[in-house]
Structure formats: C-alpha cells, structure tokens
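Novice: this one's structure only:
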DNA sequence: CGTATATGTTCCACGTTTAGACAAATTCGT
DNA sequence: ACGAATTTGTCTAAACGTGGAACATATACG
C-alpha cells in the first residue's frame, strides 16, 4: 500500500500502458530467453496480438533480436525465438579499491566477455582517471560499440551529480569522477558506492539461482564493512545517499576504535584489519611500524593457518565469525530481508565459520524466522562490485517506468 | 530505478491509465481540498476534459462530493469545489496497550470526531474482543455508517492473516484478533503492529506541516521501543513482518538485560523502565517487590522532578537522552531517512533533552547531513497509534495502484 | 451592456488493449 | 500422400483511454 506523493507524481499518459508493458516484456525476455511471442503472451496473460506489437517495438529499437526457429514440442508452427540483443554491444565495469583497480567487460545482460584486468590504484584522481581512460580505450579496441562505463567506488557517492563526496581509504573529498572520465572516453559513465553496487549486482543477476532478491541486503566484509540494501526491487539510497552504513552501527559503544572516529562499530569488530589485530594481539590501525611477520600478512594467510589447524588463527577467526553473526542480527532485526548476501575475503573461510555466524545470528534475532534468514555467500570470483558497476549501465534499460 | 520482478508483475490493462489517474486525482483532492476540476487539471497537467471525467467517476462512487461554489478570484465563472466525502461515514481506531485500550472515531481523512475513550485492557483475548465490540457498538450509535475498524497492537502482527503472532506485554501468542472482532461487529477490521501504525499515521497525516514523509522513521519510546520505517511512501514490512525492530539493535552487547532475552539492546537503555531503573539505581524489571516510592512512580513523575531541578532525576533523564541519540544514529546511518519522528512519554521532556539527543546523534553519525537529520516530536495528544490504526482502514482507498 | 476571462462539457482524433478471425507452418493419423 | 489438428504470428474491429480544441455557461470589468 504505497501513498502517492501529491507533490511528486507521474500522470498516466496515452503511451503509459504501452511503456509499462514494453518493460515487462523486455524483462520477461531477459529472464526467460529464448522465448517466443506466444510464450510472452502466455506469461503476460495478454493476447498474442499485443505481445507481437510490443516485440516489434523492441525489435525496431534493437533491444532484442529474432534468433533461429525453435524446436516445436508438439505439432504446430515452430516459434521464432527472441533474445536480448547484446551482439556487438558491451559494458565496462570498473571497481576502484584502495590498493588496486579492476576492469571487466560484459555484454548487456552482464555475461562476462573478457578476463578481469587490474592495475595499482593511484590516489591522485586526475592521474587515476587518465590511466583508467587509457586502459579502457585499449581494452575496447577488441570490442564493438560500448554502451557505457560503470564505476564502483569505496565511499559516499552522489550518482546523480557524478561526485565522490567522501572516500576515506582513497583520501578523496568531493571530487567529480564521472564527468572527466566520460569526457576522456567519450562514453557515458555512471558511478556508485561499492556496497550499493554489490546489492545491485545481486538484484540484476541473471543466474537463475539468485532470483527473487527484491528484498535483500548485501554485506561486504573487507578493509571496511559495506552494506547495500534492496527494498521492493530498488536500492535504498536515503535522503543523502548514505543509507546502508550498518558497518558503523555499534556492537558496543565502548568497543574498539573505528576508522570513522567512533568506537565499537561493527566494522571495528569484523573488518579484515580487526581480525588481524585480534590475531596479533594489538591494534594494527595505529601508526606504529609492523614487525616482519605482521607486514604483508593478509586475512587469507590467517584463514590458511586456521585451516591448517593453528589455534590462534582459528580463535581470531571464530571471534570475527561471532561478531559477524551478531551484526547480521541487527540487520535482520531492523530490515527483515528475504535474504542476506555476504562477500569479501572472509567468505573463503565460510565452511569454518558458518555455524558460529549462524548461532550468533540466532542469539540476537527476535524470531526464529529471523534467525533462519537465508545467507548466501558470494565468492570473490563472482566479482560482485564489478558486476554491480556493470549493472549501473545495463540495468536502466530494463527498469520499471515511474508511474503514479 | 526499480527492477520488475519477472515472477510477480502487473500488466497494464485497458483501464490502468484511468486507475492511476483516478488515484492521483483523489489524492490531490485530499491534499488540496477544496479544489475545482480546473485546479485539478492544472495540478495534474492534463486537459480539463480528463479531469472532469475522473471527477465524475469519483462522484458516482461517492468518494468525493461537490460543495458550494467558490469565490472567483478574478473574473470568470466560479469554480465548483470538490471535497473528499466523509459525510456520514466514519472510521474507528483502536490502540491496545498493555495497561489500557483506547478508542477514537474519525472521518475518512483522519479528522477526529469524538473524544478518545479508554478502558482497562483485559489480557484474555476473548474477553477483550467482547468488551471492545460492546464499546465500539455503543460509540457507533452516535454515528452513521462505519467503514471499518483499525487496531494497533504492541507486538508482531501478520496483517494479511489478521493474527497477532507474538505480543510479549500481553502474553499473546498466535491469536486471531481480526476475524472474531470483525464477526462480533459486522464491520471489516484491520490490525497492525503499533510501530508500523505510528509510521503510517505520519505518512497519511493531512496536516500540512507533516507532508513529504515518504522516507521517514517513527521511533516510539515507551515501555518498549517500537520503530516503524517508511520507504518510498510505503511501510517497510520485511519478509516476515518483523522489519523495524531497531529497539533490539544493541548499543553494547554486554549492556543491561533486555526483555527480549538478549543484552544491551537500545530498548534496555531508553525504555521508560530503563530510565526509572537508572533513577532508582536498580533493575526494576526483576521480580523483587518495589518499595513504596518505586510503586506507581512513572516517567512523567520523573520528568516533573527533573523540571523541578532534582539532580538525580535530571541525571537519569540525561542518560536516557544520550542513549536515545546514540540509537538514533544507528537508524540514521542505516537508513538515512529524510525525517525521524519521536513519540512516547519521553517527548514531554523534549525541551530538556533535545540538545543532548542531538549531540549524541551527531557523535555517531558518519556525515554532517546525517547529524542534522530532521527530528520531529509527536506529542501524545496527537495519538499517533490511534491515527495509524485509523489509517489502516482509511488509507487503502487512496493508495497507489499496483503497476508493472 | 458588450467584452474578457475562467469553468465545465462535448466532440473528435489518436493510441492502446481486447477479442476474435485468419493465414502460415508443422505434426499426427489414416 | 493427404487431410485434420494444433500452434504461431498477423490482422481487423470494438472498447476505452488521453490529447486537443470548440462550445456553452457564469462572472467581473469598463
């Protein structure tokens, strides 16, 4: 039951019905391809005539194309199969992280085309933009038309203005990333916060096992904790684009110092640095130089030692697992999502930590339903940030029209 | 940018455009009444002919009526003013609380018609339903047709099934409240969780100073802490109707025991009982008998003493204020709402505690925007739960149609 | 009292869904 | 080999919606 905002509404025009049904048809083709006009008519519960008209419109706009005739199951004329037209069109996804920047090329439905490439991130924005433009241009020589570039940024972003408001790990403050990059490339660029990009990636994923995530939360545990929230098939932005900062909801307000300046944030308990700090028994975020063992030792190394049976590593990991579950309980209590996705390096240890995470989740959730909330692990190989970046460009063509 | 769910969508039919525009017109009349057909056409940016047709449909359904001719400003024919038709139709709102149950009668746009009445809550569901039915019938003898009864319940509710899944303060478990009451009254009944009802009340309020709350959060601080979340003009329900339990997000997982069984919940810091416990220096939730001073001493009494300058009372209140702000920071960080509403007894002390709440909020919010989030106090006289209960019945007629 | 102006109605054009008929393509039974 | 059955895709007319302009009505102003 949604209220119509009497100060911001969209009146239905002559073409509104068509617009709605056109998008539904496009989404059904995306979800069920290959699919015939008759299939579409059945799926949409409209006459074949309408489906035909919608299809011919989509065909004329080159959004879909007619493939080979399908095999007829029983008797009757064989259907002409329809597909989303991603021939000769590609999308570039960019994932800027504190240490490295990654690039991926996909087709319009997010299917990976080439290998993921990467290079070291230069924190000087102008230099980074130039290097990004150069590399993307280089990569695009192997492809035909590119629809656009999507960029995932670890920080607060204003997508409509193309600005990065604040990215602490990159030391960026209010820089316009979109327009200079778009100018250098001659291609449209979209930018988004990495947590929200991850949530987008799952929302728009075409893999059949990740459907129905219209109400979900993506938790990315890495150097920080990023969270993206999806409500009613839409990423929650909030009034100032800062919704989703569950990483700075406290577990204990008297807890360890967090990079945000506050104390006891969830992030301060479960980030990679927090796990390593527990392992080494001291706060690694302080500026004191690390000794030889600490330097270059990553969470992956810690997980390897835990798997090898090292008690100290296992203990550090188990603590993180418990805090992870306790924080997830806050998300479940607050939002009651249908599903929680978890990404980040910690997921490589999932088989070790899952029971602990689950029991900690159950410990603080109010209902048994909440404690049983689906948790899906998204492995690093899925590149959720990159796929979310791609979705920034590819998804708008499939989005529902604004209505009422 | 909303994704269309390919497994649950609504195709646009022949009448869909009309349906959309009809609801827009109805909402505009509600928001701007008195208003003429020509005004409507201007507001909607359609021709007067279309507005006329929409209006005549609404007239024939008795949703609106034509009032007296308006005063013409310049020259020209005088407009015929249109109003939402709430003559001879009323709605009953019921607010069930642990100690007392309240009843209010309003018209279809939520304007209060009679005085609020109340009686002691009997925790036996069947007895309560009979008493409610008797009293509502009694009250309705003074009115004409009643469109329905809305009920706010302090607990977890499944509105579609009409069941109260769990209401700890009433010791109710999985009871059907809606159907027996509807049967006893012969009138449709809707039930909802009290936090969500409060959020609904603000969303559908017609008072001009509470508009634009399509992305807001209502925090009700009372015996417990109830939270209702509104996203995109819609109350957030979650997968199992439990979204909004920010009251059980921890401030410190090692903090005081909470009624939910966990420790350190926000509720355990800011509920009325928590404030009183701080004042008396001991946990009042334990079963030990209270001494003569403790018995019957309410938060209002404490606030009165604080206003009178009693240091101990002021200290207890200030602590609550600080924890209130810290918890609000979690909500702001997580959801970034355009506005936060606060209700409950604590609001009578708002002038005392506001600076402390605000500074605590700023202390833990990530951005200055977040720290500056609008906070609106909803006084008890506004009866947010009762008005939310009323909205359960009155609002559906004005809701946006499901589309795409 | 005529002119200007605003309101509300009416009529037609155009676009969209709805319903059903029809041609084309294919399989199955004889 | 050939007709009946069946499915696909197209086409046409009807029903219903908005878009646009003309028209009658009501009011104010000079």
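Specialist: Alright, I've got the coordinates. None of these values were measured; they are calculated from a predicted model.

Novice: Assign a three-state SS to the closest residue to DNA strand D within chain A, would you?
Specialist: Residue nearest to DNA strand D within chain A: residue A:76 (2.1 Å; CB to the nearest atom of the strand). C-beta coordinates here come from the backbone N, C-alpha and C atoms, glycine included. Of the three states, residue A:76 takes coil according to DSSP: H, G, I helix; E, B strand; the rest coil.

Novice: Where do the strands of the stretch 101-250 of chain A begin and end?
Specialist: Ranges of strands within the stretch 101-250 of chain A are A:117-120, A:145-153, A:156-158, A:163-167, A:172-176, A:189-193, A:216-221, A:225-231, A:234-235, based on DSSP state E, counting those that start in this stretch.

Novice: The fifth one vs chain B: in contact?
Specialist: Pointing back at strand A:172-176 there. No. Remark: strand A:172-176 sits outside contact range of chain B, by CB under 8 Å from any CB of the partner chain, the gap being at least 11.9 Å.

Novice: can you check the fourth one too?
Specialist: Yes. Strand A:163-167 reaches chain B (CB under 8 Å from any CB) through A:165, A:166.

Novice: who's in contact with the closest residue to residue A:266 other than its chain neighbours?
Specialist: Residue nearest to residue A:266 in three dimensions, not counting chain neighbours: residue A:327, with 4.0 Å by CB to CB, 6 or more residues apart in numbering or on different chains. Listed by CB atoms under 8 Å, 6 or more residues apart in numbering or on different chains, the contact partners of residue A:327 are A:225, A:246, A:249, A:251, A:266, A:269, A:270.

Novice: same thing with residue A:172?
Specialist: A:123, A:125, A:155, A:164, A:166.

Novice: and with 6 Å instead?
Specialist: The neighbours of residue A:172, taking CB atoms under 6 Å, 6 or more residues apart in numbering or on different chains as the test, are residue A:164.

Novice: now swap in the one 5 residues further on and tell me
Specialist: Remark: with contacts taken as CB under 6 Å, 6+ apart, residue A:177 is in contact with A:164, A:191.

Novice: go on, residue A:331?
Specialist: Per CB under 6 Å, 6+ apart, neighbours of residue A:331: A:217, A:246.

Novice: Where is the longest helix in chain A?
Specialist: If you go by DSSP state H, chain A has its longest helix at helix A:311-335.

Novice: hang on, residue A:263 packs against residue A:257?
Specialist: Yes. Using CB atoms under 6 Å, residue A:263 makes contact with residue A:257 at a distance of 5.4 Å.

Novice: Chain neighbours aside, what residue packs nearest to the residue of the stretch 101-250 of chain A found nearest chain B?
Specialist: Using CB to the nearest CB, the closest approach of the stretch 101-250 of chain A to chain B is made by residue A:238 at 2.5 Å. Of all residues not flanking residue A:238 in the chain, residue B:336 sits nearest, at 2.5 Å (CB to CB, 6+ apart).

Novice: Neighbours of that neighbour, how many?
Specialist: 25 (other CB atoms under 10 Å in any protein chain shown).

Novice: picking up where we left off before, and the residue of chain A closest to DNA strand D, how many residues sit next to it?
Specialist: Neighbour number of residue A:76 under other CB under 10 Å is 8.

Novice: And the pLDDT at it?
Specialist: Per-residue pLDDT puts residue A:76 at 87.

Novice: what's it sitting at in phi/psi?
Specialist: When read as degrees, to the nearest 10, the backbone of residue A:76 gives phi 110, psi 170.

Novice: Please apply the same query to residue A:340.
Specialist: Main-chain torsions, residue A:340, degrees, to the nearest 10: phi -120, psi 130.

Novice: contacting residues for it?
Specialist: A:217, A:373, A:375.

Novice: Residue A:305: which of these is nearest?
Specialist: Set against residue A:305, the nearest of these by CB to CB is residue A:375 (24.7 Å).

Novice: Write down the beta-bridge partners of the residue lying closest to that closest one once chain neighbours are set aside, one by one.
Specialist: Distance criterion CB to CB, 6+ apart; nearest residue to residue A:375, sequence neighbours excluded, is residue A:340 at 5.1 Å. Beta-bridge partners for residue A:340, by DSSP bridges, are residue A:217, residue A:375.

Novice: Touching, residue A:269 and residue A:251? I think so.
Specialist: Yes. Because the distance of 5.5 Å satisfies CB under 6 Å, residue A:269 is recorded as touching residue A:251.

Novice: and the stretch 1-150 of chain A, which residues reach DNA strand D?
Specialist: Residues of the stretch 1-150 of chain A lying near DNA strand D by CB under 7 Å from any atom of the strand: A:11-14, A:36-39, A:47-49, A:52, A:55-56, A:72, A:74-80.

Novice: Could you do the stretch 151-300 of chain A as well?
Specialist: By CB under 7 Å from any atom of the strand, no part of the stretch 151-300 of chain A sits against DNA strand D.

Novice: count of neighbours near whatever residue of the stretch 151-300 of chain A ends up closest to DNA strand C?
Specialist: As assessed by CB to the nearest atom of the strand, DNA strand C sits closest to residue A:233 within the stretch 151-300 of chain A, at 21.0 Å. For residue A:233, the count of nearby residues is 19 (other CB under 10 Å).

Novice: now swap in the one 3 residues further on and tell me
Specialist: The criterion is other CB under 10 Å. On that basis, residue A:236 has 23 neighbouring residues.

Novice: how much space is there between the residue of chain A found nearest DNA strand C and residue A:51?
Specialist: Proximity to DNA strand C, evaluated over chain A using CB to the nearest atom of the strand, is greatest for residue A:75 at 2.7 Å. Here the criterion is CB to CB, to the nearest Å. By it, residue A:75 lies 21 Å from residue A:51.

Novice: Show me which of the two is the more surrounded one.
Specialist: Set side by side, residue A:75 and residue A:51 show more neighbours around residue A:51, with 23 against 5, by other CB under 10 Å.
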